[in-house]
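Trainee: Dropping the sequence and predicted coords here.
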Amino acid sequence: MNETAGKVRLDKWLWAARFFKTRQLACEAINGGKVHLNGQRTKPGREVKIGSHLQIHKGSLEWDVEVRVLASKRRPAREALEFYEESADSEQQRQKITEEQRLQRAMEPRPVRGKMNKKDRRMIHRFTNKGT
């Protein structure tokens with residue numbers, strides 16, 4: 001892991017910790033008020049320090065984390081989990097929401113989709129030609 005001596009930009013840390021796929025998406029989330037540093041709105045260039053408290057909203061999910069490692073380079077997901085410590089309430093709430101979403105998706109009927117076969121195309125042609 002790469003620990004820097006002082007500070008790292010907030011957008012760069014969010015990208016390195018794998019909360020966002022690109023730094024641009026991290027910047028947009030910060031500017032949109034979806035990320036709060038120590039309880040306040042902030043800017044993408046704001047410096048994060050070890051012990052900083054972050055609240056991150058992404059879709060319907062919310063993370064409440066404390067910075068443990070200052071990383072400026074993106075690492076594998078297993079290592080990125082060590083960059084922060086998530087509060088127990090945040091983790092339970094997130095798991096509850098994802099479980100509810102999973103159950104809701106399972107309950108919704110799925111439309112039958114696929115490529116039309118030759119028989120389907122012939123039936124459409126017969127139907128449309130009969131009308132003329």
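Mentor: Sure thing, it's come through. Because the structure is a prediction, the values reported are computed rather than measured. Numbering: from 1, shown residues only.

Trainee: Quick check: the gap between Leu61 and Thr98.
Mentor: 7 Å (CB to CB, to the nearest Å). To be clear about C-beta, it is placed using only N, CA and C from the backbone, and glycine gets the same treatment.

Trainee: Name the SS class of Glu66, please.
Mentor: strand (DSSP: H, G, I helix; E, B strand; the rest coil).

Trainee: The spatially closest residue to it that is not a sequence neighbour is in what secondary structure piece?
Mentor: Excluding its sequence neighbours, the residue lying closest to Glu66 (CB to CB, 6 or more residues apart in numbering) is Glu85, at 5.0 Å. Element membership for Glu85, per DSSP states H and E: strand 84-86.

Trainee: just to revisit the earlier point, quick check: the residue nearest to Glu66 touching Trp63?
Mentor: No: contact between Glu85 and Trp63 fails when scored by CB atoms under 8 Å: they sit 10.8 Å apart.

Trainee: For these two, indicate the residue with more neighbours.
Mentor: For Glu85 versus Trp63, neighbours defined as other CB atoms under 10 Å are more numerous around Trp63 (19 against 11).
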